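Asker: Sequence plus the predicted model coming up.
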Number of protein chains: 2
Amino acid sequence: MTTTAQPTTAETSPAADRASSRVPRTVDVVVVGGGSAAETAGPRAAAAGLSVVVVEASLVGGECPFWACVPSKAMLLAGHAHRAGGSTDHDAAWSWALQRRREATAGLDDSGKVRGLADAGVELVRGWAEVERSPGGGGLVRVRRGASGPDDGPDDGPDDGAGEVEEIGWRTLVVATGSTPSAPPVDGLEDVPTWTSDEALTSDHRPASLVVLGGGAVGCELSQVYASFGVRTTLVETTPRLLASEQPSVGEAVEQALAGSGVDVRTGVTASRARTGGDGVVLELDDGSEVTGERVLLASGRRPRLECVQTQGLDVTDAGALAVDDRYRVLADGQPLDDVYAVGDVNGRAPYTHGANYQARVVADALTGHPRAGDETGMPRAVYTEPSVLATGLTAEGARDAGHEVVVAVQASHDTGRAHVERYDGPGTVELVVDAGTGVLLGASAVGPEADSWGGELVLAVRARLTVELLAEVVHPFPAWGELLLPAAESARDQVRERRGELPRPTQGAAEPAHAAG
Amino acid sequence: MTTTAQPTTAETSPAADRASSRVPRTVDVVVVGGGSAAETAGPRAAAAGLSVVVVEASLVGGECPFWACVPSKAMLLAGHAHRAGGSTDHDAAWSWALQRRREATAGLDDSGKVRGLADAGVELVRGWAEVERSPGGGGLVRVRRGASGPDDGPDDGPDDGAGEVEEIGWRTLVVATGSTPSAPPVDGLEDVPTWTSDEALTSDHRPASLVVLGGGAVGCELSQVYASFGVRTTLVETTPRLLASEQPSVGEAVEQALAGSGVDVRTGVTASRARTGGDGVVLELDDGSEVTGERVLLASGRRPRLECVQTQGLDVTDAGALAVDDRYRVLADGQPLDDVYAVGDVNGRAPYTHGANYQARVVADALTGHPRAGDETGMPRAVYTEPSVLATGLTAEGARDAGHEVVVAVQASHDTGRAHVERYDGPGTVELVVDAGTGVLLGASAVGPEADSWGGELVLAVRARLTVELLAEVVHPFPAWGELLLPAAESARDQVRERRGELPRPTQGAAEPAHAAG
């Protein structure tokens, strides 16, 4: 299927580039954006014999390994260890955390990832891409070398052909340009010191105090990070609870955990105006109160990056994402294009690294002759606070909107042998959303130690459309954290049976012993 | 269904006992053995209105909370923390571990568990039970109060009617007497200092050196415990690898972990003779070498406790367990008795606390009018070393013996984002045993940090008889430990596809990036 020679190294020499740019070469696949999706789809396509070019304006690997999941997780781990250790030497702990972060992000050096693409036979072209599509399919990508944005000039880096424009023809385009932090519309916010999450996760500065705007996953995680190191941290969330898109038990448990870490959690209030003052910033809230901090961390959202394709007449969702069908083909006038895919944050469907990777696997199959629909039924949603959160599938509201009659079971305390042995007395919850007629698990969430691990069972159950009748029969090893799933599954099963008019069974009213002494 | 009055307290007064013992009362259910199974089945049966008596000669809760899982896990946790902390002050760490163990085992005080039974409406009778069964069904249990074995006299405890015999009639009997440690047949072993696991887990003594006989779960766990606290520990296992009943990757990974904890692991050698000498004991091995230690820890097996029913003509398996059908009804002359169940270690089928609990739930359903077969397809087998092990279902050999053509997929390194962020470089393996024709997962094992948590997904998959085609579509959150499951599932799926003559897909030969920097 390839008509051009495969490069033997990932980055071809400037001379070769200049020569080849006169008559645009054409490759099977161009992936615009060198993040996780490109790292997943590119090598798979190349392994099947396709010629693949990845265009990246910044670091190969994208947000996750350098400015998002990985540094966040490194800082969370360091913060948990510091809190567990009980030391009040926040300076030393912070230095250690930064060291851990630098190691985890390889000092923002992507050369290992560049090598990974090269070893997989994927060509990397660094620069800013602008895409053109021919009416009959296929098209051209213009890469301005060395540029990191549409308006950038050449950079001061090594002579890699900076400023030159290379044109590459493509048969199939994969848009994987990710997303970028967006600021909430708060009056005066542009005039006070702020951080995006990316900035927070690259800065070495530990502020004396911080106001975090937004109680989603990023806001919860970063609030716990800073509070762990002695930063006076206030979290402001407009909706009545944290992680508002999840079932209520989730946000309640995380609020309890954050409060236990020293975060001042303010839910149900909206920042109406920001001004300098106090420690640095005064944020006026719509309940008349004010919160202050040295700086405001903007954790209220991200928007898809569409610049590379914005003039190509592609459909965009209300949320500003590229519209795709269930095979991740981009829509134009409502019809899927056979030669343009969009995966990862830019399509807005599952804005997580693992979502991008999954979609990339589906598209890699399509690129190599095995087209199929993606199934995001069990897409997990994780929050790496301590305790951690794993949620998947539909909330009760979402299930009702989808036409289900719903049964909800909540297990809201961590009365297990493991909690006993580990002397854990923090929150532990499991919440199951079940179709009342069939007993099929539609959605689920778990909060507790290692919930990002043991919650995987819920992800599988939702994805495989299993019933709570079966889940209540699943055995968990003693003493594993996952034992918390049993009482929730039995409660859901019994509710479904009751709706069917079946006889009560002996679990009703019988306490489940923790099987631990004391 | 009850014909006798329910007691209002769990332990009736001696006077009342003596009065009632003249004309034996009859209750719906007698559970002999007050361990986990009794704590699960008893309250469920009582909640449904049945009169239930539990007879226990020792502590309510049985082995697990006082002499097995719980103190072992407490010591393992303390040992992991000590190793992670890097301190060489083993004395202080040992003291702290003992404190943790005392807390976890409530100082061998079962009063909380006694209250648990009482609150659930279950009567407890303390003493040694001997069971008689009437030819037509039902029978009598003779409880020698205060006795902890068949030959015991009255104890010196409070006046609780010690030595008196109470007779209680039963309509249904549940034998849940558990198991007891057994010693391997090694010449001279009775003349040297030994510990059973129960003794090791109640002793406060930290020997200078220890030889552990047996490389199963208990031997692996306790070897790591002692080695963690600076005890020179030698583990001797007859078979060629640790955890020999699991797939090879499991024992190899655990051997690597134990060696990293300082355990001298000797596999494929058998102790032939024990004598005093050296630090205390010299153990001669059949390869001509010797190992020495202050003491020998016997971790080579347990045997079911059958004394209470041994004269009743019930069927016993070759392994010395009570033979049961799939509803856990005890067999006599190959036929199930409708009024005698055996659950937990005494039936030898799933000798784990969680196995006993599962079987007890099935029997509780039967007792309350909902008889059904148990399904132990996905029974988990956990080892709480660090890293931990979770295995379930069939091994490759077991699957072939059951008539399956088998595909095995192994992922034998922990190249995930989580391992990167946590700087984890220990073993991490997933091994899947798959029916080659259908792609159904028959068995699986996982080793790695939190494997006892994220391996739950494998338990569910085996129990629900899911295919690797589906498992390869399941998404794990980034960066969760469970991401290790994907490459194993994809490998298994591709092998199944290849057997079917399907076209190769792009995963073959394509590396899965760890999606982490560096």
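Answerer: It's in.
Asker: Show the contacting residues for A:Leu337.
Answerer: A:133, A:137, A:314, A:329-331 (Cβ atoms under 8 Å, 6 or more residues apart in numbering or on different chains). All C-beta atoms are positioned from the backbone trio N, CA, C, and that covers glycine.
Asker: got the CA positions of the helix or strand harbouring it in CSV?
Answerer: In this structure, A:Leu337 sits in strand A:335-342 according to DSSP states H and E. Provided in CSV are the C-alpha atoms of strand A:335-342 (Å, rounded to 0.1, in the frame of the first residue of the first chain):
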residue,chain,number,x,y,z
GLN,A,335,-21.7,12.3,6.8
PRO,A,336,-18.6,10.4,7.9
LEU,A,337,-15.5,10.9,5.8
ASP,A,338,-13.8,7.6,5.0
ASP,A,339,-10.3,9.2,5.1
VAL,A,340,-10.4,11.4,8.1
TYR,A,341,-10.5,10.2,11.7
ALA,A,342,-10.3,12.1,14.9
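Asker: domain ranges for chain A?
Answerer: A:14-60+A:111-180+A:303-367, A:65-106, A:189-300, A:387-499 (automatic domain parsing).
Asker: Pull out the buried residues from the contacts of A:Leu337.
Answerer: Buried by 16 or more other Cβ atoms under 10 Å in any protein chain shown: A:133, A:314, A:329-331, out of these.
Asker: Might you specify the subset of those residues located within strands?
Answerer: Counting by DSSP state E, the part of the buried ones among the contacts of A:Leu337 found in strands is A:133, A:329-331.
Asker: Now render those as CSV, adding distance to A:Gly188.
Answerer: Listed next are these as CSV, based on distance: Cβ to Cβ, whole Å:
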residue, distance to A:Gly188
A:Arg133, 42
A:Arg329, 43
A:Val330, 38
A:Leu331, 39
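Asker: picking that back up, quick one: list the elements packing against whichever helix or strand comes after the strand holding A:Leu337.
Answerer: Of the helices and strands lying after strand A:335-342 in sequence (DSSP H and E), the nearest is helix A:353-367. Secondary-structure packing of helix A:353-367 (3 or more Cβ pairs under 8 Å, 6 or more residues apart in numbering or on different chains; DSSP states H and E): helix A:36-47, strand A:165-175.
Asker: how about the first one, does it get close to chain B?
Answerer: Yes. Part of helix A:36-47 sits close enough to chain B to count as contact by Cβ under 8 Å from any Cβ of the partner chain, namely A:36, A:39-40, A:43-47.
Asker: I'd like to know which elements the lengthiest helix in chain A is packed against.
Answerer: Ranked by residue count, the top helix of chain A under DSSP state H comes out as helix A:69-85. Under the contact criterion of 3+ Cβ pairs under 8 Å, 6+ apart, helix A:69-85 touches helix A:90-104, helix A:217-228, helix B:417-421.
Asker: Report the buried residues of that helix.
Answerer: The neighbour-count check on helix A:69-85 (16+ other Cβ under 10 Å) flags A:69-83 as buried.
Asker: Just give me the closest of those residues to A:Pro181.
Answerer: Within the buried residues of helix A:69-85, proximity to A:Pro181 (Cβ to Cβ) peaks at A:Ser72, which comes in at 13.0 Å.
Asker: next SSE after the helix or strand of chain A with the lowest mean pLDDT?
Answerer: One helix or strand of chain A scores below all others by mean pLDDT, DSSP states H and E: helix A:14-22, with a mean of 49. Following helix A:14-22 in sequence order, the next helix or strand is strand A:25-32 (DSSP H and E).
Asker: next helix or strand past the helix or strand containing A:Arg275?
Answerer: A:Arg275 belongs to strand A:271-277 when assigned by DSSP H and E. If you walk from strand A:271-277 toward the C-terminus, the next helix or strand you reach (DSSP H and E) is strand A:280-285.
Asker: what does that next one rub up against?
Answerer: For strand A:280-285, contacts defined as Cβ under 8 Å, 6+ apart pick out A:186, A:192-193, A:207, A:209, A:211, A:213, A:236, A:266, A:269-276, A:290-296.
Asker: strand partners of that strand, parallel vs antiparallel please.
Answerer: strand A:271-277 (antiparallel), strand A:290-293 (antiparallel) (DSSP bridges).
Asker: low pLDDT regions in the stretch 401-518 of chain A?
Answerer: For the stretch 401-518 of chain A, the stretches flagged by pLDDT under 70 are A:503-518.
Asker: hey, where'd the strands end up in it?
Answerer: A:406-411, A:429-435, A:441-448 (DSSP state E, counting those that start in this stretch).
Asker: The second one near chain B at all?
Answerer: No. Interface with chain B: strand A:429-435 contributes nothing (Cβ under 8 Å from any Cβ), its closest point being 12.4 Å away.
Asker: ditto for stretch A:387-397
Answerer: Yes. With Cβ under 8 Å from any Cβ as the threshold, stretch A:387-397 lies in contact with chain B, specifically through A:Leu390.
Asker: Low-confidence bits of the stretch 1-150 of chain A, can you list those?
Answerer: Ranges of the stretch 1-150 of chain A meeting pLDDT under 70: A:1-22.
Asker: Let's see that with 90 instead.
Answerer: In the predicted model of the stretch 1-150 of chain A, residues A:1-24, A:85-86, A:135-136, A:146-150 satisfy pLDDT under 90.
Asker: Residues of it that sit close to chain B?
Answerer: So far as Cβ under 8 Å from any Cβ goes, the stretch 1-150 of chain A lies against chain B at A:36, A:39-40, A:43-48, A:61, A:64-66, A:69-70, A:73-74, A:77, A:100, A:103-106, A:108-110, A:112-113, A:116, A:119-120.
Asker: which of the residues you listed are buried?
Answerer: Neighbour counting by 16+ other Cβ under 10 Å classes A:36, A:39-40, A:43-48, A:61, A:64-66, A:69-70, A:73-74, A:77, A:100, A:104-106, A:110, A:112-113, A:116, A:120 among the residues of the stretch 1-150 of chain A next to chain B as buried.
Asker: Tell me the secondary structure of the residue nearest to A:Ile168 when sequence neighbours are not counted, please.
Answerer: Leaving aside its chain neighbours, A:Ile168 sits nearest to A:Val141 (5.2 Å; criterion: Cβ to Cβ, 6 or more residues apart in numbering or on different chains). Following DSSP: H, G, I helix; E, B strand; the rest coil, we place A:Val141 in the strand state.
Asker: And A:Pro449, how far from B:Arg144?
Answerer: 44 Å (Cβ to Cβ, to the nearest Å).
Asker: Kindly reformat the strands paired with strand A:280-285 as CSV containing mean neighbour count and mean pLDDT.
Answerer: Below are these laid out as CSV (neighbours: other Cβ atoms under 10 Å in any protein chain shown; pLDDT from 0 to 100):
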stretch, mean neighbour count, mean pLDDT
strand A:271-277, 16, 96
strand A:290-293, 19, 97
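Asker: which residues touch whichever strand or helix holds A:Gln256?
Answerer: If you go by DSSP H and E, A:Gln256 is part of helix A:248-260. Contact partners of helix A:248-260, identified using Cβ under 8 Å, 6+ apart, comprise A:215, A:220, A:223-224, A:227, A:235, A:241-244, A:265, A:267, A:383, A:385-387, A:389, A:391, A:410, A:412, A:426-429, A:431, A:445, A:447.
Asker: go on, stretch A:402-410?
Answerer: With contact meaning Cβ under 8 Å, 6+ apart, stretch A:402-410 is reached by A:247, A:249, A:394, A:396, A:399-400, A:429-437, A:442, A:468, A:488-489, A:491-492, A:495-496, A:499.
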